[in-house]
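A.B. asks: predicted model follows, preceded by the sequence.
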Amino acid sequence: MSATVGMVVVDQGGRAIGRVDAVFADYLLVRTVGLPVDLYLPTDRFAIVEEQVTIDVATAKEAYDLWHRPLKKAPHP
C-alpha cells in the first residue's frame, strides 16, 4: 500500500501529526495539526501501518525540526 491524500500521519507513539495533503515522487506534503507549518516528509522516513502513515520520529517537535522546509532535492512541477 502506498500513501494517499487524506491519510492520517502519526508519530511513533501513534499521536496524530496531520494528514497527507499531496503525494509526490520523493515526499509527502503533510498538513499539520498543532504545528505552525506543513511538513515535507521524505518517502524513506515513513511506513504505512494499519492504513496510517507512521513516521520514524518520536514527536511532532522532532518532525518539525527535520521537515518544516521544502526538500532541496524534491522536484516541484
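C.D. replies: Nice, I can see it. Numbers count the residues shown, from 1 in each chain.
A.B. asks: so where do the strands sit in the protein?
C.D. replies: 8-10, 16-23, 27-32, 39-42, 46-49, 52-55 (DSSP state E).
A.B. asks: how much space separates the residue positioned nearest the centre of the chain from F24?
C.D. replies: With distances taken as Cα atoms, centre = their mean, the residue of the chain nearest its centroid is L41 (4.1 Å). Using Cβ to Cβ, to the nearest Å, L41 is found at 10 Å from F24. Backbone N, C-alpha and C define where each C-beta goes, glycine included.
A.B. asks: quick revisit: and the pLDDT for the residue nearest to the centre of the chain?
C.D. replies: What the model reports for L41 is a pLDDT of 93.
A.B. asks: check H68 too.
C.D. replies: pLDDT, H68: 84.
A.B. asks: can you check I17 too?
C.D. replies: Looking at I17, its pLDDT reads 93.
A.B. asks: surely it and D11 touch.
C.D. replies: Yes: with contacts counted by Cβ atoms under 8 Å, I17 reaches D11, the gap being 5.9 Å.
A.B. asks: looking at these two, which one has more neighbours?
C.D. replies: A count of neighbours by other Cβ atoms under 10 Å puts I17 above the other of I17 and D11, at 23 against 18.
A.B. asks: ok, that one - contacts?
C.D. replies: Contacts of I17 were listed using Cβ atoms under 8 Å, 6 or more residues apart in numbering, and they are 9-11, 30, 32-35, 39, 55, 60, 63.
A.B. asks: kindly recompute the last result at 6 Å.
C.D. replies: 9, 11, 32, 60, 63 (Cβ atoms under 6 Å, 6 or more residues apart in numbering).
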